[in-house]
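Novice: Pasted the sequence and its predicted model underneath.
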Amino acid sequence: MTVFEQISAPRGYVARAEALGEIFAARAAALDDTDGFAAENFRDLKQAGLLEAGVPAELGGGGAEPAELALMLRTLGRHCGSTALALAMHTHQVAIPAWRWRHQGATAVEPLLKRVAAERLVLVSTGGSDWIAGGGEAVAVEGGYRIRARKVFCSAAPVGDLLMTGAILKGRDGAHDEVLHFAVPLSSPQVRVLDTWHTLGMRASGSHDVMIDGHVVPEAGVALRRRAGAWHPAFQIIATIALPLIYSVYAGIAETARNDAIALARRKSAPQVAPVVGRMDTELMGAELALGGMLAAVAENAPSAETVNRVMMGRNLVARHALAVGDLALEAVGGAAFFRSAGLERRFRDLQGARFHPMQPGPQAEYAGRMALGLPVDEVF
């Protein structure tokens, strides 16, 4: 039995992630040094069946629920943050329609989920480009809409199959602008992946810009129409499910930063190290508790403005505590942490990505405050 036959054998996705993670960890430094995309890791993920983990078993997938998916991603995050983050962006695009199929009876999502399972498609998210406000331009043409847009933070773009995205259709005669949501094949002649991902951290995630220049989406290809710049029930589902999966990756990176720091700090005899390590462990516990709260909101299976509030509080707490773990890991180790060979500086850089996903601290605080005061939150994002 080959290593990949062993990994793909029937067992939990967390165990598969651990087995793959050991392989990915050996590749991580070289990918980071060269800004190379983790293409080989994605081939391994595909072969091991992790791309379809969140597809319901009835539709040909692995049937993993969000809690298992989160632990799978956290496990991969311990080994290669870039690979884990890129997979998280695919995974949440699978988990959301899977949730809708299971809990809302949304049969319209079946073709996508079946294709992910059968073809092991890679879904590329443009949520970082779009969020509530939307982005890009949709112009009505015969039978559909011509799209022009530049999307950023498109993780796994080099191996992506479908770009899960949207564009703004201008309202007429005083009507509100609408955001149209649809999938665009990355193989379309009107779609280009731009070589833009040269960054501080998460260097192997392949989160390049993607340019859509004239691709026509047929009317039947529009999965959702919503008012631009305002929350919609679909985005309550998206936010509630996606953010805990994404931040599981940062919890995993913080955990390894802590473990590496402990191993290196044990070589030091300085008495001041113990309190620093104690603070680091306290911050890691804070991240874990906050992530647990996010996943508890998902487990209620009732996305709403309230679950968005709880998840976004958790998102900012996980980020705050995970970033503190990175800081304290460097402090505990001292000058040795400055060397790339130690691995800690990569963990530190990868953790910085936790700052940038929605909702960032300003909008999140306003949203939470308005919820507490009973004020509208429809346009706070």
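Specialist: Structure received. Residues are numbered from 1 along each chain as shown.

Novice: ok, now which ones touch the spatially closest residue to Val193 that is not a sequence neighbour?
Specialist: Nearest residue to Val193 in three dimensions, chain neighbours excluded: Ala157, at 4.7 Å (CB to CB, 6 or more residues apart in numbering). Just so you know, the C-beta spots here come from the backbone N, C-alpha and C atoms, and that holds for glycine as well. Applying CB atoms under 8 Å, 6 or more residues apart in numbering to Ala157 gives the contacts 124, 186, 193, 206-208, 210.

Novice: which helices and strands sit right next to the host helix or strand of Ile246?
Specialist: Here Ile246 sits within helix 233-265, counting by DSSP states H and E. Contact here means 3 or more CB pairs under 8 Å, 6 or more residues apart in numbering; DSSP states H and E; on that basis helix 233-265 packs against helix 66-79, helix 81-104, strand 224-227, helix 273-299, helix 305-333, helix 344-351.

Novice: Please report the average pLDDT across stretch 356-366, rounded to a whole number.
Specialist: For stretch 356-366, the mean per-residue pLDDT is 97.

Novice: Outside of that stretch itself, list whatever touches it.
Specialist: Here stretch 356-366 has contacts from 127-128, 131, 239, 243, 246-247, 312-313, 315-316, 367, 380-381, using CB under 8 Å, 6+ apart.

Novice: Tell me the one among those residues nearest to Pro111.
Specialist: Among the contacts of stretch 356-366, Gly127 lies closest to Pro111 (CB to CB), at 21.4 Å.

Novice: Which stretch among the helices and strands packed on helix 233-265 approaches Arg267 most closely?
Specialist: Evaluated with CB to CB, the helices and strands packed on helix 233-265 place helix 305-333 nearest to Arg267, the distance being 8.9 Å.

Novice: buried sites along the closest one?
Specialist: With burial defined by 16 or more other CB atoms under 10 Å, the residues of helix 305-333 counted as buried are 305, 307-333.

Novice: counting contacts, what elements does that helix pack onto?
Specialist: Against helix 305-333 (3+ CB pairs under 8 Å, 6+ apart) you get helix 233-265, helix 273-299, helix 344-351, helix 361-373.

Novice: quick one: which of the contacts of stretch 356-366 is most hemmed in?
Specialist: Using other CB atoms under 10 Å as the neighbour test, the contacts of stretch 356-366 are led by Tyr247, with 30 neighbours.

Novice: Now rank the contacts of Ala157 by neighbours and give me the top one.
Specialist: The residue in those with the most neighbours, by other CB under 10 Å, is Val124 (31 neighbours).
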